[in-house]
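# Take a look and give me a structure for this.
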Amino acid sequence: MSFFLRLQISQSPRGIFINQSKNAFEIVKKYGLTSTDYVDTPMIENKKLKEDLQGKPVDATLYRGMIRSLMYLTSSRPDLIYVVCLCAQYQAKPTKKHLQAVKRIFRYLKGTINMGLCYSKDNDMSLTAYADADHAGCQDTRRSTSGSAQFLGDKLVSWSSKKQKSTAILSTEAEYIALSGCCSQILWMRSQLTDYGFQFNKIPLYCDNKSAIALCRNNVQHSRAKRIDVRFHFIKEHV
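Numbers count the residues shown, from 1 in each chain. Predicted structure coming up:
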């Protein structure tokens, strides 16, 4: 098998390589961006997108089509997931500023068109996860964005970037909510993999916020945790 749902699959004695270079080239060509210069990053560092009520409107159908094409690429390009989801929030009333941000993604895509996922042949099936969050990153709602990645051995198999449904007052809250979401994904993956005969004793979940880690480990309800929705506290049962 070499193609599956636009995924290009290359098999060798060393393992499997999955990418979407053909699909990526086609969408760059479709939107007339083949002659543009490529850039090293999908978005400008510290660039904050927000609703642009005074900006010049652009063709919403064109904008949505570009987002839809990029969204499909995220199934094999975790490096695109954050910025594509960010730009997707402005599909209702996109402006020139939003379109420029999307075009930059295409310029980045042009320079990294062959990038993909490599799965080497080995027996390491240990499950490891990482969770992180910004704090009040959304300029419109001041909600934070959760990010997570799950690995089997050294192979990335699952990833996500999602705006949180509630506003976190402290960065600890944002990180704690991200940990809770990542924990849910881990439990689902463990259930699926157990059906295939794999067994897991302890699954490491990494986070760079010491206060959030302390909240997970301590069953005492601290004052700083009062504002966190009850549904996120289930992570305490699995630490």
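# C-alpha from now on. contacts and neighbour counts both.
Fine.
# What about P78, how many residues nearby?
As a burial measure, P78 scores 18 neighbours (other Cα atoms under 10 Å).
# Quick check: mean pLDDT of the helix or strand where C85 lies?
Assessed by DSSP states H and E, C85 sits inside helix 81-88. The predicted model assigns helix 81-88 a mean pLDDT of 97.
# Not counting the worst-scoring helix or strand of the chain on mean pLDDT itself, show me its contacts.
Lowest mean confidence among the helices and strands of the chain (mean pLDDT, DSSP states H and E): strand 3-4, at a mean of 83. Residues from elsewhere that reach strand 3-4 (Cα atoms under 8 Å, 6 or more residues apart in numbering): I9.
# let's have the chain start at 113 instead
Renumbered: residue one is now 113, and that last one reads strand 115-116.
# per-domain residue ranges of this structure.
Residue ranges for the domains of the chain, per automatic domain parsing: 115-229, 235-350.
# Any idea how far apart the tips of the first one sit?
It stands for domain 115-229. 15 Å (Cα to Cα, to the nearest Å).
# State the number of residues packed around the closest residue in space to K267 that isn't next to it in sequence.
Closest residue in space to K267, ignoring its immediate chain neighbours: Y231 at 6.0 Å, by Cα to Cα, 6 or more residues apart in numbering. Residues near Y231, counting by other Cα under 10 Å, number 17.
# what distance separates the next helix or strand after the helix holding C197 from the middle of the whole chain?
The first helix or strand that comes after helix 193-200 along the chain, using DSSP H and E, is helix 208-223. Taking the mean of its C-alpha atoms, helix 208-223 sits 18 Å from the chain's own mean (Cα atoms, centre = their mean, to the nearest Å).
# what's the helix or strand just after helix 208-223 packed up against?
Scanning forward in sequence from helix 208-223 by DSSP H and E, the next helix or strand is strand 228-232. Counting contacts by 3 or more Cα pairs under 8 Å, 6 or more residues apart in numbering; DSSP states H and E, strand 228-232 packs against strand 127-131, strand 267-275.
# The first one - contacts with which helices or strands?
Using 3+ Cα pairs under 8 Å, 6+ apart as the contact definition, the elements that strand 127-131 packs against are strand 119-124, strand 228-232.
# max-length helix in the chain?
Criterion DSSP state H: the longest helix present in the chain is helix 283-307.
# And the contacts of that one?
241-247, 256-262, 276, 280, 311-312, 317, 319, 321, 323-325, 327-328, 337, 340, 344-347.
# How about stretch 168-180?
Stretch 168-180 is touched from outside by Y143, V196, C199, A200, Q203, A204, K205, P206, T207, K208, L211, V214, with contacts defined as Cα under 8 Å, 6+ apart.
# Buried only: go through the residues you listed for me.
The neighbour-count test (16 or more other Cα atoms under 10 Å) marks V196, C199, A200, Q203, K205, P206, T207, L211, V214 as buried among these.
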